[in-house]
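K.L.:
turn this into a model:
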Amino acid sequence: MDLNSASTVVLQVLTQATSQDTAVLKPAEEQLKQWETQPGFYSVLLNIFTNHALDINVRWLAVLYFKNGIDRYWRRVAPHALSEEEKSTLRAGLITNFNEPINQIATQIAVLIAKVARLDCPRQWPELIPTLIESVKVQDDLRQHRALLTFYHVTKTLASKRLAADRKLFYDLASGIYSFACSLWNHHTDTFLQQVSSGNEAAVLSSLERTLLSLKVLRKLTVNGFVEPHKNMEVMGFLHGIFDRLKQFLECSRKIGADNVCRDRLEKTIILFTKVLLDFLDQHPFSFTPLIQRSLEFSVTYVFTEVGEGVTFERFIVQCMNLIKMIVKNYAYKPSKNFEDSSPETLEAHKIKMAFFTYPTLTEMCRRLVSHYFLLTEEELTMWEEDPEGFTVEETGGDSWKYSLRPCTEVLFIDIFHEYNQTLTPVLLEMMQTLQGPTNVEDMNALLIKDAVYNAVGLAAYELFDSVDFDQWFKNQLLPELQVIHNRYKPLRRRVIWLIGQWISVKFKSDLRPMLYEAICNLLQDQLVVRIETATTLKLTVDDFEFRTDQFLPYLETMFTLLFQLLQQVTECDTKMHVLHVLSCVIERVNMQIRPYVGCLVQYLPLLWKQSEEHNMLRCAILTTLIHLVQGLGADSKNLYPFLLPVIQLSTDVSQPPHVYLLEDGLELWLVTLENSPCITPELLRIFQNMSPLLELNSESLRTCFKIINGYIFLSSTEFLQTYAVGLCQSFCELLNEITTEGQVQVLKVVENALKVNPVLGPQMFQPILPCVFRGIIEGERYPVVMSTYLGVMGRVLLQNTSFFSSLLTEMAHKFNQEMDQLLGNMIEMWVDRMDNITQPERRKLSALALLSLLPSDNSVIQDKFCGIINISVEGLHDVMTEDPETGTYKDCMLMSHLEEPKVTEDEEPPTEQDKRKKMLALKDPVHTVSLQQFIYEKLKAQQELLGEQGFQSLMETVDTEIVTQLQEFLQGF
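P.N.:
Next up, the predicted model:
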């Protein structure tokens, strides 16, 4: 089919693909998908989107399909890759003429040219850059702009490549075209500055657009195009020139009105200048050293003196402050403790900084930050009234300092205060001194100034640690401020409670806590913003290292009730999450003491869960709250199951989309539910159906999954194993083949646990796994931790289910094609040889008990290994026997009795239901109920009776005399 007729067919389908009717749209999309890999398809698309007579939507779609095709089929190694001939034609066609009239399509074409350049430039496409440079020089406005737009996207893409060879190519490109890029930018900038007062808005906007694009190109070349940019005169000339250009552009923005058509583009250009400086400082701190002085002078002048008034705008102030901050904080400019160890470049930069940041400069900056930038603005006060929750969320941190004025000023203040705290501490203390006593509620300005100073004292809490007697200040100044209940005083009430939160972990005497709790109870009934801030401070107080439950309990009921009311009243998802976290924190710290007060919350959470269907992050917060609730309620958490179990079911079901957000917390909730469950219920057993897909995920949540499986085994091993062991065993077999050594150990520990809890059913249920354990022992598994676990599993079977061990031995003898006795002998030999791999005392004692259980025996193989069995037994005695200093006799320290009730101290968590189950299990476990000393004595006596005195004596002679002596010492008194 020739190109023209193909174009007609493709054009028709593309037109259908722009339809709003799905019946037309779907088949068209399918057809286009099939054509994606057809030779010639992209040539047809190029013809279509460069034909300006066609419908815009159709051309737009053609560009998008072309762009996606580059991603998928342009690389030579891609399946269905385009042929070299077609790619060559397409490259030539893309840069034939830069005359696309529609802006959006022009941008897409520029982006797709850049995508091809990333793969082919300069080797397969050496003509691209020369063509762009020629096209940028033409007089035709449209072609010049489109070429410049493409030039920018190509430069941006090539600058982003990170491999060393690609970087080298970009360095070569940058040094080759830098002079041209500079003169191009200067030309467009001068043109704009001449035209700006001409009144011809279209021409002004057009030349400003070119200025912006050429500056974007220069930014990429300057920041990414040189290894040592400070050695290049042109680069440094351009960077020094930025400050003069910035002044010209700022002056220009003063002249033109706020509603001028150029305003937006002009501000973008000004911001772009600052981005060049910030990026350059970030990438080349030492090359930036010659610019430190001018950058600081420029930024401080415009931000902290009258020069900036009427000229600056918010985003520009933020950028200037970030420039100051990055110079102040830059590690490259900080000398070592020993000045001699610092590089000359560091010392040079440090010297420039020190010379600039004099006492007058620093104090003026500090005062201006506090008394000007920290003040709450009219807009913020209005927002407080109209959207209180929005006001509180606005304050959040993260990277907001890079873009928003308030966080930016606060971060700059913290960094300057930290760096020059000896200079600035007296300045801030003086400001504090002038604000003693209450402030007149009619004087709004004085209230705002006080709010700003308190903000500064909170931000600088760590630096002011030695300079402020916070406890006295709290009692004499801050508490009385919180008691002023006038409406206009609310910003100060909020600020004071915030300030106390900042100082809690820095310096706050424990005895003062009850006074603070009293104040918090009052403020939780204040205006909404104050209540939300108070909740935050409460969380910081409860979270603090010096928190004491006994001081808090008298206020618990009131606070919990008020927090719950706040949770119900707020409407924003973020605020609800925040209040839930505070509630969780309180529940976590008071644990069991919360039980009388949680009824209301327990009733409300199902409703909130239902309402938050669209808000997965809020649901995560609910899960966290439920985790702490279950821990606090203990066995009583069973009453929550009608709500709790469906929540766990949904959160851990990998076939449901929300699991992406909820899985981690959902698994944690599942685990604590099991740990605190008094007994199994059919519903709790049913949600285990979610486990098999979770084990297939093989993700970082596996460890929690194993803990959950253990939880079920402890809770109801028979019922659980009968229902799920077959599937679980299959999952385990698959996991053991593809998992790390550590993972294998985790799987085997679960199996070992099942055998310990249920010695009768366990081995039958996990029968398919045991041959590989047996084989691992016989073949001498080389990883000690794995070998130790193998011996633990086999020890349980041998000691607690002898008949099953016999059948396993028969099966393995058949597999190895050996006699049973011979195989048993090999196993005992390997066991004795690798006993040192076992480090846990419980498993060491288990090994001794298991091997001793083979006695008494007249089997020649077992008698042949008698010496090894006794060696292990004596080793075991050394592990477990402790001498009673009063009687001088030995006793087995692993024995447990019902009478031993562990004392729970106040700091310790009370035992969970699972802890109690483990204790009951230990009381049935031979390791903790059988005295090794007694067991050895009985087994040796039985062996003696079986063989007679003489036979037994000759058997004992195979044992080392030193070992026999130690054995006799341990068995004194029997």
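
K.L.:
just to be sure, His628 is in a strand?
P.N.:
No. With DSSP: H, G, I helix; E, B strand; the rest coil as the criterion, His628 is located in helix rather than a strand.

K.L.:
I'd say it and Ser584 touch.
P.N.:
Yes. Using Cβ atoms under 8 Å, His628 is in contact with Ser584, at 4.7 Å. Backbone N, C-alpha and C define where each C-beta goes, glycine included.

K.L.:
just give the nearest non-adjacent residue to Leu583, would you?
P.N.:
Take Leu583 and drop its neighbours on the chain: the residue closest to it by Cβ to Cβ, 6 or more residues apart in numbering is Leu563, 5.5 Å away.

K.L.:
residues in contact with the helix or strand encompassing Pro290?
P.N.:
Using DSSP states H and E, the element containing Pro290 is helix 289-304. Residues from elsewhere that reach helix 289-304, judged by Cβ atoms under 8 Å, 6 or more residues apart in numbering: 230, 236, 239-240, 243, 246, 250, 277, 280-281, 288, 307-308, 311-312, 316-317, 320-321, 323-324, 327, 333, 345, 348-349, 352-353, 355-356, 361, 364-365, 368.

K.L.:
do that again at 6 Å, thanks
P.N.:
Outside helix 289-304, the residues that touch it by Cβ atoms under 6 Å, 6 or more residues apart in numbering are 239, 243, 307-308, 312, 317, 320, 323-324, 327, 348-349, 352, 356, 365, 368.

K.L.:
out of those residues, grab the one that's most surrounded.
P.N.:
Cys320 (27 neighbours; other Cβ atoms under 10 Å).

K.L.:
that's a helix at that one, yeah?
P.N.:
Yes. When classified by three-state DSSP, Cys320 is found to be part of a helix.

K.L.:
would you mind measuring from it to Leu761?
P.N.:
Counting by Cβ to Cβ, to the nearest Å, the separation of Cys320 from Leu761 is 73 Å.

K.L.:
returning to that earlier point: ok now the particular helix or strand that has the residue nearest to Leu583 in it, how far from the chain's centre?
P.N.:
Per DSSP H and E: Leu563 is located in helix 549-569. In terms of Cα atoms, centre = their mean, to the nearest Å, the centre of helix 549-569 is found 31 Å from the chain centre.

K.L.:
now do the buried residues in the lengthiest helix in the chain.
P.N.:
Looking across the chain with DSSP state H, the single longest helix is helix 702-738. Residues of helix 702-738 classed as buried by neighbour count (16 or more other Cβ atoms under 10 Å): 702, 704-717, 720-721, 723-725, 728-729, 731-732, 735-736.

K.L.:
ramachandran angles for the nearest residue to Asp833 once chain neighbours are set aside?
P.N.:
In space, and not counting its chain neighbours, Asp833 is closest to Gly780: 7.7 Å by Cβ to Cβ, 6+ apart. Dihedral angles of Gly780 (phi, psi; degrees, to the nearest 10) stand at phi 70, psi 60.

K.L.:
next one: Gly780 from Ile242, what distance?
P.N.:
Using Cβ to Cβ, one obtains 71 Å as the distance from Gly780 to Ile242.

K.L.:
looking at the two, which one has more neighbours?
P.N.:
Neighbours per residue (other Cβ under 10 Å) separate Gly780 from Ile242, with Ile242 holding more: 22 against 12.

K.L.:
quick one: the strands in this protein, in order.
P.N.:
881-883, 890-892 (DSSP state E).

K.L.:
list the buried residues for the last one?
P.N.:
When neighbours are counted by 16+ other Cβ under 10 Å, the buried residues of strand 890-892 are found to be 890, 892.

K.L.:
pLDDT score for Gln934?
P.N.:
Gln934 is assigned 90 on the pLDDT scale.

K.L.:
how long is stretch 896-916 end to end?
P.N.:
One end of stretch 896-916 sits 14 Å from the other (Cα to Cα, to the nearest Å).

K.L.:
repeat for stretch 690-708
P.N.:
Using Cα to Cα, one end of stretch 690-708 lies 12 Å from the other.

K.L.:
can you count the residues close to the nearest residue in space to Thr571 that is not next to it in sequence?
P.N.:
Computed as Cβ to Cβ, 6+ apart, the closest residue to Thr571 that is not its neighbour in sequence is Glu389, at 6.7 Å. Using other Cβ under 10 Å, Glu389 is surrounded by 19 other residues.

K.L.:
I figured Glu389 hits Glu572, correct?
P.N.:
Yes. Assessed by Cβ atoms under 6 Å, Glu389 is found in contact with Glu572 at 4.3 Å.

K.L.:
quick one: residues contacting the residue lying closest to Leu447 once chain neighbours are set aside.
P.N.:
Closest residue in space to Leu447, ignoring its immediate chain neighbours: Thr439 at 5.5 Å, by Cβ to Cβ, 6+ apart. Thr439 makes contact with 446-447, 450, according to Cβ under 6 Å, 6+ apart.

K.L.:
let's see that with 8 Å instead.
P.N.:
By Cβ under 8 Å, 6+ apart, the contact set of Thr439 is 446-447, 450, 489, 492.

K.L.:
now swap in Tyr73 and tell me
P.N.:
Per Cβ under 8 Å, 6+ apart, neighbours of Tyr73: 36-37, 80-82.

K.L.:
where neighbours are concerned, which of those has the most?
P.N.:
Leu82 (24 neighbours).

K.L.:
any idea how far that residue is from Gln38?
P.N.:
Applying Cβ to Cβ to Leu82 and Gln38 gives a distance of 10 Å.

K.L.:
kindly report the same for Phe720.
P.N.:
57 Å.

K.L.:
do Ser701 as well
P.N.:
Counting by Cβ to Cβ - Ser701 and Gln38 are separated by 44 Å.

K.L.:
higher neighbour count, these two?
P.N.:
Ser701 (18 against 12).

K.L.:
Leu663 is in contact with the more buried one, correct?
P.N.:
Yes. Counting by Cβ under 8 Å, Ser701 touches Leu663, with 6.4 Å between them.

K.L.:
ok, how many other residues are close to Val630?
P.N.:
Neighbours of Val630 under the rule other Cβ under 10 Å: 24.

K.L.:
isn't it up against Thr673?
P.N.:
Yes. With contact defined as Cβ under 8 Å, Val630 counts as touching Thr673 (5.6 Å).

K.L.:
who touches both of these two?
P.N.:
Joint contacts of Val630 and Thr673 (Cβ under 8 Å, 6+ apart) are 637, 644.

K.L.:
strands paired with the least confident helix or strand in the chain by mean pLDDT, and their directions?
P.N.:
Across the helices and strands of the chain, mean confidence by mean pLDDT, DSSP states H and E is lowest for strand 890-892: a mean of 79. Strand 890-892 has the following strand partners under DSSP bridges: strand 881-883 (antiparallel).

K.L.:
contact partners of the strand it pairs with?
P.N.:
Counting by Cβ under 8 Å, 6+ apart, 889-893, 932-933, 970 sit against strand 881-883.

K.L.:
one more pass at 7 Å, please.
P.N.:
890-893, 933, 970 (Cβ atoms under 7 Å, 6 or more residues apart in numbering).

K.L.:
nearest to Leu163, of those residues?
P.N.:
Within the contacts of strand 881-883, the smallest distance to Leu163 is 61.9 Å, found for Cys893 (Cβ to Cβ).

K.L.:
ok, so what distance separates that closest one from Pro841?
P.N.:
Distance, Cys893 to Pro841, by Cβ to Cβ: 9 Å.

K.L.:
pLDDT value on Val393, please?
P.N.:
In this prediction Val393 is given a pLDDT of 78.

K.L.:
and for the one 4 residues further on?
P.N.:
pLDDT recorded at Gly397 is 61.

K.L.:
then Glu901?
P.N.:
Confidence for Glu901, expressed as pLDDT, is 58.

K.L.:
okay, and for the stretch 651-800 of the chain, where does confidence drop off?
P.N.:
698 (pLDDT under 70).

K.L.:
can you give me the helices for it?
P.N.:
Under the criterion DSSP state H, counting those that start in this stretch, helices of the stretch 651-800 of the chain are mapped to 659-675, 682-686, 691-697, 702-738, 741-757, 761-765, 770-778, 784-800.
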